[in-house]
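Q: Sequence unavailable; structure follows:
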């Protein structure tokens, strides 16, 4: 009985935590984009030409991020929504849920740390006239795509924190769009810094 009570308590905690967490994510990126654009007076978001593969990739990722946020907010006030998410009962146990919350949080904290380490150099998408310099220090000494690794880790954490068909679909699509974006951005960097980037890729892994 105690184990069941503990799991129920963690489920309810996670219900609140996910709503707060994704609201905090939305707030963080909104503030970061507004303040950074104001400081450097330049565009930060590059979707690519409308309807091109990169544009579709960005839009798909955005749509699912908004869907995740909305679902987490709605289920906070309408618990019955869970009945439509396809919950995976076999994974709804305390260790899995706790692990999910930890990975979700750790991934986001790592993302914030990397953002601040990049300062005003951060861009979303492929800047056609940038970057001016290849970043190979800091977190980029250990991974060529540390932000994508952190976001992917958070996405896995989200699935474990709310194991369901819905979050599994979000996980698959999320990881796929991250992979496609990685390929596109690495191709761009290889074109901008042909010799330097080739040397960099021989010493640093794509992920970890």
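A: Nice, I can see it. Since we're looking at a predicted model, the values are computed, not measured. Residues are numbered from 1 along each chain as shown.
Q: The spatially closest residue to residue 91 that is not a sequence neighbour and residue 81: what is the separation?
A: Among residues not flanking residue 91 along the chain, residue 163 sits closest, at 3.6 Å (C-beta to C-beta, 6 or more residues apart in numbering). Placement of C-beta: from N, CA and C, glycine included. For residue 163, the distance to residue 81 equals 15 Å [C-beta to C-beta, to the nearest Å].
Q: next one: residue 6
A: Per C-beta to C-beta, residue 6 is found 23 Å from residue 81.
Q: and what of residue 32?
A: For residue 32, the distance to residue 81 (C-beta to C-beta) stands at 30 Å.
Q: pLDDT of stretch 136-147, averaged?
A: The pLDDT scores in stretch 136-147 average 96.
Q: which regions of this protein sit below the pLDDT cut-off?
A: 1-5 (pLDDT under 70).
Q: 90 instead?
A: Applying pLDDT under 90 to the chain flags residues 1-6, 32-33, 36-44, 48, 53, 116, 119-123, 128-130, 132, 208.
Q: Please, which helix or strand holds the residue most central in space within the chain?
A: In the chain, the C-alpha closest to the average C-alpha coordinate belongs to residue 151, at a distance of 2.9 Å (C-alpha atoms, centre = their mean). Residue 151 belongs to helix 146-161 when elements are defined using DSSP states H and E.
Q: For that helix, which helices and strands make contact with it?
A: helix 2-40, helix 94-118, helix 165-192 (3 or more C-beta pairs under 8 Å, 6 or more residues apart in numbering; DSSP states H and E).
Q: quick one: the longest one to chain centroid distance?
A: It refers to helix 2-40. 12 Å (C-alpha atoms, centre = their mean, to the nearest Å).
Q: Please name every helix or strand in contact with whatever helix or strand comes next after it.
A: Next helix or strand after helix 2-40 toward the C-terminus (DSSP H and E): strand 45-46. Packing contacts for strand 45-46, counted by 3+ C-beta pairs under 8 Å, 6+ apart, involve strand 124-125.
Q: Show me what the strand it packs on is in contact with.
A: Strand 124-125 is contacted from outside by 44, 45, 46, 47, 48, 54, 58, 181, using C-beta atoms under 8 Å, 6 or more residues apart in numbering.
Q: Stretch 180-194 too?
A: Against stretch 180-194 from outside (C-beta under 8 Å, 6+ apart): 53-54, 57-58, 61, 125-126, 131, 134, 144-145, 148, 197-198, 200-201, 206.
Q: in it, what's buried?
A: 180, 181, 182, 184, 185, 188, 189, 192, 193 (16 or more other C-beta atoms under 10 Å).
Q: and if you look at stretch 200-208?
A: By neighbour count on 16+ other C-beta under 10 Å, the buried set for stretch 200-208 is residue 200.
Q: Give me the contacts around that stretch.
A: 134, 136, 140-145, 148-149, 182, 186, 190, 193.
Q: One more: stretch 153-168?
A: Here stretch 153-168 makes contact (C-beta under 8 Å, 6+ apart) with 14, 17-18, 68, 71-72, 82, 85-88, 91-92, 96-97, 99-108, 110-111, 170-171, 174-175, 178.
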